[in-house]
Structure formats: C-alpha cells, structure tokens
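[1] here is the input, now give the coordinates:
(one chain, ligands or ions: 1)
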Amino acid sequence: MRQGAIETSSDSTTTYDVNHGLRPEMPEGYVEWDAPMYREYQHYFDRLAQRIHLDPAVALRLRVPKRIVMVSVPARMDDGTLSLFQGYRVQHNTTLGPCKGGIRYSADVNLGEICLMAMLMTLKCALVGLPLGGAKGGVLCDPHRLSRDELQKITRRYTTEIIRVIGPDHDIPAPDMGTDADVMGWIMDTYSLAKGYAVPSVVTGKPIAIGGTHGREQATGVGVCYALRAAARHISFPFGEGARVIVQGFGNVGSHAARKIASMGSTVIGVSDMTGAVYHPAGLDLEAVREYLAQHRYLKGFPGGEALTNAELLEQPCDILIPAATSHQITEQNADKIQARVIAEGANAALSTGGSAMLEERGVVIIPDILANAGGVVTSYFEWVQGLQNFFWTERRVNSELQRVMDDAFERVYLVSQKERLGMRDASLAVACRRIEAAYQSRGLFP
Ligand code: GLU
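    Predicted structure coming up:
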C-alpha cells in the first residue's frame, strides 16, 4: 500500500464517502499542529522574543498559525483503485502581505511540520524584506512511488480543495520538497480553469512558458552560496579555493548548491540523496554524479567515492556543511559529532533549535534556514512581481537582484548579531520579528 494513502476497492459499487474519509488508519499527528517539532521551535521563539523585548502581543500572534485548512484528496490510481490522501494548507501570518510558501509532497508530511514550515516562511519573508506573509502546504504521499499521471490527479484535486484560500492577492504556492515546476503548472491550470481566465500569478516556480522566471529553479541553492560568500566577508573560514564542502541532499536545493559552490572554487567532498551518501576526501566529480543520476535516478552504487549513510556523511570533517535534505537532520543527538566549521541550512529546520544551540556554543557558525535558503522565495517574489506587471526580466537581472537581497539580508543580520551579541540564528529571528512588529504597530489590532 502506498504510504500516506488509504486504498479502497476499485469496485465502482463501493459506497465510500471519500470527501469525509478522515480514517483511523491515518498516521499519528495528522491533525495535531502542536507536534513536538513545532513545540520545540515555539519554545525557542518564546525565549528569544523575551530576550529581544518583542511586544508580547506580537509574540503571542506569531507563535500560532492564522488559518489551517485540511482537505481530503481522493485520486484514481493508474491501477484503477481509489486512494485518499491527506492535504494541508497552513497560512501563518499576513501582516506584511499575501501568504507565500511552498507545497510539499512527502511520506513524512504532518500538520505540525507544515505549521512550523509556515511560521518559518513568515519569518523568512520578513527577514529579507519581502511584502509577503508565510504559508506552507503539503500532501501526505510518496511522490517517488507515484506516476506523473497520478501526481497530476492528486495536484488538481488538492488545488480544487484549497481553491478558496489561494490566489495572487491571497496566498501564492510554490515548489517545495517533492514538487516541481510541472506541479505548479497543473495548479495554475486548475485554478485558471475554475476562474475562466488565465491566472499565472497564483503560483511561482512555474515553467517559463507560462510566466515563470529565469533563475527560479536554481535560486535556493545558488542563494545558499551567496549567503556563505557574504559570511566569508566577515567571518574567517575557508571559502572558495581550498574549502571542503559536504552537501546533504541532492534535490533542487542541494544539487544546485553543490554545483554553484564548486563553480566558486570550493571542493565538494560529499553528497547524498535518500538512498545514501558518497564521500571522497579529495573531491567528487560532480559531472559524473550528474550523469550517474541521469542514468540510475538514485545515487546508490555511484562508483566515484566511498559509500556512507546520510548520518555518517554529516559527521565527516569539512569546512562547510550544507544540510539540504530534510528537517531535523542535526539534533542534540548528533550535534557533538559534527565537525564542520560553518553550517548553512539549505533545508528548512535541518537543525533542531537544540542541536543548533549546542553547535553555536562550540563556535560553529550557523547560517539559519530563514537566511541561508531565502533565495528561493526571493526569486519567487521576483516572479510574482514580473507576472503582475507582465514585464519579464533577463536572467542576469534576476541574478544580480538576488545577490543584492541576499547580501543586504546577511549584512543586517550580522550587524545585529554583533551589536546585540546574538548568534546568527537569534539575530535572524530578531530582524524578522522586528519588521513584523513595526507592521503590526502601523496596522493596529482590530477590533
Ligand atoms: N519552498 C521554498 C521555501 O521553503 C520557497 C517558497 C516560495 O518560493 O514561495 O522557502
């Protein structure tokens, strides 16, 4: 049985109300937003809010999502059976503008995780100065075990179920783990068909043929490298020539980050995907990795280095570690084994806040998710703006604007970290919260 799916008989006489099919078989945590991962972050957020004297009313508002939408997503599978998937869209905050955030398809999706990711989007958008709030969505399914047809059906039905809460002025989805430009194209099409006219700006990260922007696909990974380069201007650590880099995860974020950092002169000594890791202390041939993946889909069996597990890869000595796989890869359980000098969080919440604190205490520089991986949403914002104006930029312009935003964001965070003696994670959160606080003060509370 597919993970995350509840299968019913293909017998068409089955009377089963799929739209109300919240079943006892659903995994634990699928309705509880107050999950351990979310609670851990809230705890961290509460302490930091006090420390930076954030208006308690603003802190109270920011620690919970504004709106949670849960939907059942029935889809007819290729073999004729009907499967029911659980879908979510969480809108965390709209103080600065419409909600923005990705949609993930994964067998690990749960409401607590989506709520945390939505909160991180609010903070990320605020930190880099975008006029946007935060959201995140997800469907509990295993995209690796679904055909393109099945994915399209799930996407179209999921879009239909959340159609009332999304829109170019309301909430603008984008790709995230397990979703890509094709998925965004299907969302755009389903939304547009319901409206009766084309609405490209309902999503970002869509194909260029329907109003996507140059540079969006690689933006998150490239942005991670810009953040690292900005850090190297202020903090002394090997960057560029001679720096040894490990990248965990070779999806949209990790693969582009690895390629970009190699093009900046660094040596990538380890990469991984969901099937395992490959490590070569003298440097991996990334072109050979790319070719191997094109042929075999997964990294398992790649001959150009030593095979390790994902957990082992994280613990190898390196100058820069980019965890770009999934959340909570580094926690209090393994933080003491990490040997990197600098960690740039490619994946959202790749470090638990506890693990992160342990590392910062040891002097490891952490460039947190809301800063390190903001390049994706920044370029999404560029795409949204281009779409609304119907005026499209060159790749060069996208890239130079992205560099400017990432550099400015890093400078601001670094300044606050120095002035207020905060670690980079705390300083990033402080910059983000103060921007939202200023907006709350201007808008006032109604009624
Ligand atoms: N999913 C990405 C993130 O976590 C991008 C979101 C967006 O572009 O809206 O930042």
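
[2] what sits against the closest residue in space to residue 332 that isn't next to it in sequence?
    Residue nearest to residue 332 in three dimensions, not counting chain neighbours: residue 354, with 4.4 Å by CB to CB, 6 or more residues apart in numbering. Where C-beta positions appear, they are placed from N, C-alpha and C, glycine not excepted. Each residue near residue 354 by CB atoms under 8 Å, 6 or more residues apart in numbering is listed here: 40, 331-332, 335.

[3] which secondary structure state does residue 354 sit in?
    Secondary structure assignment for residue 354 (DSSP: H, G, I helix; E, B strand; the rest coil): helix.

[4] enumerate the residues of the chain near the ligand.
    100-102, 124, 174, 176, 204-205, 348, 373, 376-377, 380 (CB under 6 Å from any ligand atom).

[5] among the residues you listed, which two are most distant?
    204 and 348 (16.8 Å; CB to CB).

[6] over to the residue of the stretch 151-300 of the chain found nearest the ligand: give its phi and psi.
    Closest approach between the stretch 151-300 of the chain and the ligand, counting by CB to the nearest ligand atom: residue 174, at 3.3 Å. The phi/psi pair for residue 174 (degrees, to the nearest 10) reads phi -150, psi 170.

[7] can you check residue 306 too?
    phi -80, psi 140.

[8] partners of it in the sheet?
    Beta-bridge partners recorded for residue 306 (DSSP bridges): residue 279.

[9] that one reaches residue 280, doesn't it?
    Yes - using CB atoms under 8 Å, residue 306 is in contact with residue 280, at 6.8 Å.

[10] shaky segments in this protein?
    The chain contains residues with pLDDT under 70 at 1-31, 446-447.

[11] parallel or antiparallel, which strands does the longest strand along it pair with?
    Ordering each strand of the chain by length in residues (DSSP state E) puts strand 82-93 first. Paired strands of strand 82-93, with direction, are strand 5-8 (antiparallel), strand 67-76 (antiparallel), strand 133-140 (antiparallel) (DSSP bridges).

[12] determine how far the second one lies from the middle of the whole chain.
    Here the centre of mass of C-alpha atoms in strand 67-76, compared against the chain's by CA atoms, centre = their mean, to the nearest Å, lies 20 Å away.

[13] report the distance from the biggest helix by length in the chain to the chain centre.
    The longest helix of the chain (DSSP state H) is helix 395-419. In this view, helix 395-419 has its centroid 19 Å away from the chain centroid, taken as CA atoms, centre = their mean.

[14] so which bits of the helix or strand just after that helix are buried?
    Per DSSP states H and E, helix 395-419 leads on to helix 424-443 as the next helix or strand towards the C-terminus. Across helix 424-443, burial judged by 16 or more other CB atoms under 10 Å covers 424-437, 439-440.

[15] what's the spacing between residue 94 and residue 42?
    20 Å (CB to CB, to the nearest Å).

[16] and the helix or strand encompassing residue 228, what other elements does it pack with?
    Take DSSP H and E as the rule and residue 228 turns out to sit in helix 216-234. Helix 216-234 sits against helix 252-263, strand 342-344, strand 365-367, helix 369-372, helix 375-389, helix 395-419, with contacts defined as 3 or more CB pairs under 8 Å, 6 or more residues apart in numbering; DSSP states H and E.

[17] between the longest one and helix 375-389, how big is the angle?
    Interaxial angle, helix 395-419 versus helix 375-389 (axes from the mean of the first three to the mean of the last three CA atoms, to 10 degrees): 130 degrees.

[18] who are the packing partners of helix 395-419?
    By 3+ CB pairs under 8 Å, 6+ apart, helix 395-419 packs against helix 216-234, helix 369-372, helix 375-389, helix 424-443.

[19] can you list the buried residues in the helix holding residue 228?
    Result for helix 216-234 [16+ other CB under 10 Å]: buried residues 216-232.

[20] quick revisit: Serialize the helices and strands packed on helix 216-234 to CSV and add fields for mean neighbour count.
    Output for these, formatted as CSV (neighbours: other CB atoms under 10 Å):
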stretch, mean neighbour count
helix 252-263, 23
strand 342-344, 27
strand 365-367, 24
helix 369-372, 31
helix 375-389, 24
helix 395-419, 17
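
[21] need the contact list for residue 161.
    71-73, 87.

[22] what do you get for residue 115?
    Counting by CB under 8 Å, 6+ apart, residue 115 has contacts 33, 35, 38, 65, 68, 90, 92, 136.

[23] in helices only, show me the contacts of residue 354.
    Short answer: the contacts of residue 354 in helices (DSSP H) are residue 40.
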